[in-house]
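**Student:** Sequence isn't available, so here's the structure alone:
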DNA sequence: TTCAATTTTCAATATTTATTGAAAATAATA
DNA sequence: TATTATTTTCAATAAATATTGAAAATTGAA
């Protein structure tokens, strides 16, 4: 397969997968573009390659830096900022796991804990407590999984995990 | 905490979390409502409780049935259809894992495999292959995790998992 | 079968989310 | 310092997604 075709298809596929998981398309596409790029790219190149506006490119690049998976890179003699993606994919996975945990799971864990103080003098209250308690287990499982990824050593995770679950 | 307040907050929180993970709000809310309900609910009750239209309620209930986590329940003497959510939350988690795997992960695995046939006679091609190969590992990890959930026995999963990753 | 209750469909509409683009702010050079 | 390149911001706009509501289809009772 020709490189250009593969590149196109990859950026496309990655963008689609991302939206299904609550990440916006442009973000996934810029990330994909930077991942496969052999050198740091400036904003204009990103704009041109993905056919997006300056504002969009700028804000999304900033978001990616907030996620800790893209960083600025100074090119000697160049005035424009250039960007590179973290190329170690396990590091990327760990970083994403860490952020989603912090941003999304932790708040839910806290809310569920609070809801456990529901009045259980009625059947509805009892059923409610049961559901919340069960749900806490599942959410804690998800939390542990993400945390395992966060804490895992590079290759250790894969081997250990597959050892147990294959 | 009063039941009504807890209920309200739960439906709200669950709806918000869902959108962050690419599931629509109504779907999460109807599911939440059915989860905590002690009896099967008909469409009108769902409409009234969540203040949504008939069309929305109907289509979303159908979606939930497609996901295999809600089913129709006949109430003797009642003509209207009633709905119940699967109350075993681990069964729900397994079902969701199964569906997301089927609908989202599997297609991506296949695409990545195809992209490995990229022409590697250029540096870009080589870098590309490297990224795709690494990414395959991560996606396979996610796939294995979901599959582990799918295949797991009720409580086995929790204990095994925590044993390894705590 | 007829008729009313119930469910389903889907074009129209509303809402939410993403993107643009140009003005303002900032940074670098001379 | 003034000038120009570059980045950032954000109100306006577009695009995507979700929801409505009423007509059509289906179902069950009589």
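**Tutor:** On my side now, so go ahead. In this text, all values refer to a predicted model and were calculated from it rather than measured experimentally. Numbering: from 1, shown residues only, chains lettered A, B, ... in the order given.
**Student:** what residue ranges in chain A score low on pLDDT?
**Tutor:** Along chain A, segments meeting pLDDT under 70 span A:153-166.
**Student:** In it, what residue comes closest to DNA strand C?
**Tutor:** Using C-beta to the nearest atom of the strand, residue A:55 is the residue of chain A that sits closest to DNA strand C, at 1.9 Å. No exception for glycine: its C-beta is placed from N, CA and C like everyone else's.
**Student:** can you tell me the helix or strand for that residue?
**Tutor:** If you go by DSSP states H and E, residue A:55 is part of helix A:54-66.
**Student:** Give me the most central residue, chain A.
**Tutor:** residue A:96 (3.8 Å; C-alpha atoms, centre = their mean).
**Student:** residues touching that residue, list them.
**Tutor:** A:67, A:69 (C-beta atoms under 8 Å, 6 or more residues apart in numbering or on different chains).
**Student:** The lengthiest helix in chain A and chain B, are they touching?
**Tutor:** The longest helix of chain A (DSSP state H) is helix A:123-151. Yes. Helix A:123-151 reaches chain B (C-beta under 8 Å from any C-beta of the partner chain) through A:123-125, A:127-128, A:131-132, A:134-135, A:137-138, A:141, A:144-145, A:147-148.
**Student:** ok, and of those, which contact DNA strand C?
**Tutor:** Of the residues in the residues of helix A:123-151 next to chain B, proximity to DNA strand C by C-beta under 7 Å from any atom of the strand holds for none.
**Student:** Mind checking which of these are buried?
**Tutor:** Buried members of the residues of helix A:123-151 next to chain B, counted by 16 or more other C-beta atoms under 10 Å in any protein chain shown: A:124-125, A:127-128, A:131-132, A:134-135, A:138, A:141, A:144-145, A:147-148.
**Student:** Including distance to residue B:90, could those residues go into JSON lines?
**Tutor:** Below are those laid out as JSON lines (distance: C-beta to C-beta, whole Å):
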{"residue": "A:124", "distance to residue B:90": "23"}
{"residue": "A:125", "distance to residue B:90": "23"}
{"residue": "A:127", "distance to residue B:90": "17"}
{"residue": "A:128", "distance to residue B:90": "18"}
{"residue": "A:131", "distance to residue B:90": "13"}
{"residue": "A:132", "distance to residue B:90": "15"}
{"residue": "A:134", "distance to residue B:90": "8"}
{"residue": "A:135", "distance to residue B:90": "10"}
{"residue": "A:138", "distance to residue B:90": "7"}
{"residue": "A:141", "distance to residue B:90": "9"}
{"residue": "A:144", "distance to residue B:90": "14"}
{"residue": "A:145", "distance to residue B:90": "14"}
{"residue": "A:147", "distance to residue B:90": "19"}
{"residue": "A:148", "distance to residue B:90": "19"}
